[in-house]
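K.L.:
When you get a sec, could you give me coordinates for this:
(2 chains)
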Amino acid sequence: MNTVAANNDMDQWLNQKLDELLPSKIQDIEASKTPSMAIIATKGTLDWAYPPFILASTSAALGWDTSIFFTFYGLLLLKKEIPSEVSPLGNPAMPMKMPFGPKWFQDFNWPMPNLLMAGVPGFEKVATGLMKKTFKSKGVATVEELRELCLEADVKMVACQMTVDVFGFDNSEFIPEVTDYVGATYFLPIAKDSDVCLFI
Amino acid sequence: MVANSETLNLSIGDQVPDARLASKSYAGVIDLKGKQVFIDLSSDAVRASAESAMPIVCEVELYFSCLVRKQIRFREINALAADETKYTRVIPGFFTGFRAVATQQCRIKDVGDKPPVETMPIHKPERFVPDWIKIDYRAGQWVGEYGFKRTI
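P.N.:
Below is the predicted model of the structure:
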């Protein structure tokens, strides 16, 4: 009977101590932990090339451990020369604006019929050129520069080996900084343990 | 003193053609936060710097927002504030520095020092320092551009 009472006292004391110490201990552990971010990049058009590199470079600038898994069309972003282009066709949210001329001209949103966008040869090249020029005139870093910043900041870039095989690419077509050619089973545990995980 | 000094110009998207840097200009390599950076000044920039009553500082800014923007802020500063611990001297009367800035909003026209633009506590800033800087002075304004090695 005395033993039961003593155990109850001990449990009570232990609970009280844990309540006192645990919050600050957890806070210490959280404070000393380096945050991490895992990004899965799946798109290769110019407009979608920006988000993974912008978020990764910002995260690395904050000192977070950052990894990007490039799969499907996202793999193009690892090519030595990034071939990404943009098409307003099937992308109704994309404004068609001119990067030159007076302000009213630049602010005007040009209505582009699908027939024109689909039918005129080289329309994507023109749209890509206009987008690049607009970004340049606003001082926005290029996709190549953002990738360079990410590499400088030790962002880990891994590629999907299966996509490389399926699309008939060769590893020599990609930048040498690609740390590994892997599969989903490699990256998912990294994503699981990360504080922020994004699918782009 | 520096924080209160007025921005002479915030150069965004300006280009400095090689022709502007061709003759009688300054070209050198400076140490910016431990990184070797190539810097070119046009002859007009060298002249404007020499004629300025106060030292000129060009702050290379990397602006983190929904997009990452490259911009260069030009200020006139007090000679005492232009100490070489914060800024690197390029030529007499002309200094340069690097800082990353962040914003909670994404207004493309944020120019002043007031919030929402604020210095970002960047981890290992030397990794974000550019590889080259080009400075010019034309039409009465300081302009410049910078970039990273693969874009030269």
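
K.L.:
I'd assumed B:Ile133 was in a helix, is it?
P.N.:
No - B:Ile133: not assigned to a helix; according to DSSP: H, G, I helix; E, B strand; the rest coil it is strand.

K.L.:
Counting neighbours, what do you get for it?
P.N.:
Number of residues near B:Ile133 (other Cβ atoms under 10 Å in any protein chain shown) recorded here: 24. (Each C-beta comes from the backbone N, C-alpha and C, glycine too.)

K.L.:
bridging residues for it?
P.N.:
B:Ile39, B:Tyr146 (DSSP bridges).

K.L.:
So it sits against B:Gln36, correct?
P.N.:
No - taking Cβ atoms under 8 Å as the definition, B:Ile133 is not a contact partner of B:Gln36, at 11.8 Å.

K.L.:
quick one: buried residues of the helix or strand harbouring B:Gln36?
P.N.:
Counting by DSSP states H and E, the element that carries B:Gln36 is strand B:35-41. Of all the residues in strand B:35-41, those buried under the rule 16 or more other Cβ atoms under 10 Å in any protein chain shown are B:35, B:37-41.

K.L.:
and what of stretch A:32-41?
P.N.:
For stretch A:32-41, a neighbour-count test (16+ other Cβ under 10 Å) marks A:36-41 as buried.

K.L.:
okay if I get the residues you listed as CSV plus distance to B:Tyr146 and pLDDT?
P.N.:
CSV is the format used below for these (distance: Cβ to Cβ, whole Å; pLDDT from 0 to 100):
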residue, distance to B:Tyr146, pLDDT
A:Ser36, 30, 94
A:Met37, 27, 96
A:Ala38, 31, 96
A:Ile39, 26, 96
A:Ile40, 31, 96
A:Ala41, 26, 95
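
K.L.:
List just the nearest of those residues to B:Ile91.
P.N.:
A:Met37 (41.4 Å; Cβ to Cβ).

K.L.:
thinking again about what came up before, using TSV, please lay out the buried residues of strand B:35-41 together with pLDDT.
P.N.:
Below are the buried residues of strand B:35-41 laid out as TSV (pLDDT from 0 to 100):
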residue	pLDDT
B:Lys35	89
B:Val37	92
B:Phe38	93
B:Ile39	93
B:Asp40	92
B:Leu41	93
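
K.L.:
Near chain B, which residues of chain A are found?
P.N.:
Within chain A, the positions adjacent to chain B are A:50, A:54, A:57-58, A:60-63, A:135-142, A:144-146, A:148-149, A:152-154 by Cβ under 8 Å from any Cβ of the partner chain.

K.L.:
how about residue 70, phi and psi?
P.N.:
The chain I'm using is chain A. phi -100, psi 120 (degrees, to the nearest 10).

K.L.:
should've been chain B
P.N.:
Backbone torsions of B:Lys70, given as degrees, to the nearest 10, read phi -100, psi 130.

K.L.:
Not counting its neighbours along the chain, what's nearest it?
P.N.:
Closest residue in space to B:Lys70, ignoring its immediate chain neighbours: A:Gly139 at 5.1 Å, by Cβ to Cβ, 6 or more residues apart in numbering or on different chains.

K.L.:
isn't the one you found right next to B:Ile12, touching?
P.N.:
Yes - here A:Gly139 reaches B:Ile12: they are 3.8 Å apart, a contact under Cβ under 8 Å.

K.L.:
what do these two both touch?
P.N.:
Residues touching both A:Gly139 and B:Ile12 (Cβ atoms under 8 Å, 6 or more residues apart in numbering or on different chains) are B:69-71.

K.L.:
Let me have those residues in JSON lines, adding neighbour count and pLDDT as columns.
P.N.:
Output for the shared contacts of A:Gly139 and B:Ile12, formatted as JSON lines (neighbours: other Cβ atoms under 10 Å in any protein chain shown; pLDDT from 0 to 100):
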{"residue": "B:Arg69", "neighbour count": "22", "pLDDT": "87"}
{"residue": "B:Lys70", "neighbour count": "24", "pLDDT": "90"}
{"residue": "B:Gln71", "neighbour count": "22", "pLDDT": "89"}
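
K.L.:
any idea whether the residue of chain B found nearest chain A is helix, strand or coil?
P.N.:
Proximity of chain B to chain A (Cβ to the nearest Cβ) peaks at B:His123, 3.2 Å away. With three-state DSSP as the basis, B:His123 sits in coil.

K.L.:
And it, how far from A:Ser57?
P.N.:
Computed as Cβ to Cβ, to the nearest Å, the B:His123 to A:Ser57 distance reads 11 Å.

K.L.:
Repeat that for A:Ile190.
P.N.:
19 Å.

K.L.:
With neighbour numbers in mind, choose between those two.
P.N.:
Higher neighbour count among A:Ile190 and A:Ser57: A:Ser57, with 27 against 17, using other Cβ under 10 Å.

K.L.:
Tell me the predicted confidence for the more buried one.
P.N.:
A:Ser57 carries a pLDDT value of 93.

K.L.:
Any idea which helix or strand in chain B has the lowest mean pLDDT?
P.N.:
strand B:118-119 (a mean of 75; mean pLDDT, DSSP states H and E).
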